[in-house]
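Peer 1: only the shape, not the letters, is given here:
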Ligand SMILES: C[C@H](CCC(=O)NCCS(=O)(=O)O)[C@H]1CC[C@H]2[C@@H]3[C@H](O)C[C@@H]4C[C@H](O)CC[C@]4(C)[C@H]3C[C@H](O)[C@]12C
């Protein structure tokens, strides 16, 4: 399971949880403008926008899970197993393999409007990166500070949905996820009133009762509702510290603890990492399952005119600050 979210204060933030029962060995990768992007069908782009994100690097090629570019556009891929459907390359389309989709969009587009224009011409192909890395069954969230869309390639073709919630999880398809919010419109951060019966002395014996009924389980539909409720009602200060902290709290509402979701063979699905990217400043903040200290990589500290990506393995060791170490 995974959840992606956007958040806006003074700056625009974009991030996700990556939930799985194993890791592909991902790292933070800054792709500079002059790293040649060789596409399977679309030739080579010698120059493109720089980007920072989480990727598995295979044969020197960053395969991004989520990233933002230097213009403040963000994109993340999340499992969409059983619904994602890709086609063979087609003569009249811009054919892009799914593992190329993030650099294809972020390398060329400043914002969602430009991404929409590319999406009109695209055909997502079913090509594997290689036989050990088959095409991942995903759908994607693309967002800038003003707009957010969900992109799904299904048997019916390419679906592009406005995403007014700024949240994406996994199945079912996005129109059904959004529809399900109708069932929760009574949820509120306010104290509820007794509409049940005037003849009964019902009262609020606890804070938080306005959100009674918010689903607490780990299914993707429930995580969608929970993250949407938290995200839509989120309040924080404008500073970087307050914004980043609030973002991690939003995604903390859908965190997966080891033991609650069995994945077979004694393995469990857990939140391997949580990311929060300041898309305006190009700073990628993250925590991992074992390391709750927020670590950051700033793309603007790298040479963005370089030809080779800069790679930062995630710091996994938790450093605990002993406050009374002098005693
Ligand atoms: C497993 C990840 C998605 C996690 C997720 O959504 N979990 C939800 C579980 S569930 O549905 O609710 O059960 C996805 C997100 C990005 C994917 C990776 C990226 O697409 C980059 C490459 C693409 C290659 O084709 C396959 C390996 C790969 C390295 C992918 C492996 C895997 O499919 C990743 C890591």
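Peer 2: Right, received. Where do you want to start? These numbers come from a predicted model, not from an experiment. Numbers count the residues shown, from 1 in each chain.

Peer 1: can I assume residue 248 sits in a helix?
Peer 2: Yes: assignment of residue 248 by DSSP: H, G, I helix; E, B strand; the rest coil places it within a helix.

Peer 1: can you pull the contacts of it?
Peer 2: 274, 276, 285, 287, 294 (Cβ atoms under 8 Å, 6 or more residues apart in numbering). Quick note: C-beta positions are derived from backbone N, CA and C, even for glycine.

Peer 1: give me the neighbour count for the residue nearest to the fourth one when sequence neighbours are not counted.
Peer 2: Spatial nearest neighbour of residue 287, chain neighbours left out: residue 274 (5.1 Å); criterion: Cβ to Cβ, 6 or more residues apart in numbering. Counted with other Cβ atoms under 10 Å, the burial measure for residue 274 works out to 25 neighbours.

Peer 1: buried ones from the contacts of residue 248, can you make that a PyMOL selection?
Peer 2: PyMOL command restricting the contacts of residue 248 to the buried ones, with burial defined by 16 or more other Cβ atoms under 10 Å:
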select buried, resi 274+276+285+287
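
Peer 1: now, the contacts of residue 248 that are in strands?
Peer 2: Mapping the contacts of residue 248 onto strands (DSSP state E) picks out 274, 276, 285, 287.

Peer 1: of these, closest to the ligand?
Peer 2: residue 274 (12.6 Å; Cβ to the nearest ligand atom).

Peer 1: wait, isn't that closest one in contact with residue 289?
Peer 2: No: Residue 274 lies out of contact with residue 289 (Cβ atoms under 8 Å); the separation is 9.0 Å.

Peer 1: neighbours around residue 192, how many?
Peer 2: Neighbours around residue 192, by other Cβ under 10 Å: 16.

Peer 1: quick check: pLDDT value at residue 327.
Peer 2: Here the pLDDT value assigned to residue 327 is 88.

Peer 1: tally up the residues packed near it, please.
Peer 2: The number of residues packed near residue 327 is 5, by other Cβ under 10 Å.

Peer 1: now residue 308
Peer 2: Other residues close to residue 308 by other Cβ under 10 Å number 11.

Peer 1: list the contacts of it.
Peer 2: 32, 35.

Peer 1: what residues does the residue nearest to residue 287 make contact with?
Peer 2: Residue 274 neighbours (Cβ under 8 Å, 6+ apart): 15, 16, 17, 18, 248, 251, 252, 255, 286, 287.

Peer 1: let's see 10 Å
Peer 2: By Cβ atoms under 10 Å, 6 or more residues apart in numbering, the contact list for residue 274 reads 3, 15-19, 247-248, 250-252, 254-255, 285-289, 292, 294.

Peer 1: measure the residue in the stretch 101-250 of the chain positioned nearest to the ligand to residue 279 for me?
Peer 2: Closest residue of the stretch 101-250 of the chain to the ligand, Cβ to the nearest ligand atom: residue 136 (3.2 Å). Separation of residue 136 from residue 279 (Cβ to Cβ, to the nearest Å): 23 Å.

Peer 1: more neighbours, the two?
Peer 2: Taking neighbours as other Cβ under 10 Å, residue 136 and residue 279 compare with residue 279 leading, 27 against 18.

Peer 1: how much space between that one and the ligand?
Peer 2: Relative to the ligand, residue 279 is positioned 19 Å away (Cβ to the nearest ligand atom, to the nearest Å).

Peer 1: residues in the stretch 51-200 of the chain within reach of the ligand, list them.
Peer 2: 56, 63, 65, 77-79, 81, 99, 129, 133, 135-136, 138, 170 (Cβ under 6 Å from any ligand atom).

Peer 1: narrow those to those in helices?
Peer 2: Applying DSSP state H to these, no entry is found in helices.

Peer 1: can I get the buried ones among these as something I can paste into ChimeraX?
Peer 2: To isolate the buried members of those in ChimeraX, using 16+ other Cβ under 10 Å:
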select :56,63,65,77,78,79,99,129,135,136,138,170
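
Peer 1: skipping adjacent residues, who's closest to residue 66 in space?
Peer 2: Sequence neighbours aside, residue 76 is the residue nearest to residue 66 in space, at 3.7 Å (criterion: Cβ to Cβ, 6+ apart).

Peer 1: could you list everything that neighbour pairs with in the sheet?
Peer 2: residue 66, residue 141 (DSSP bridges).
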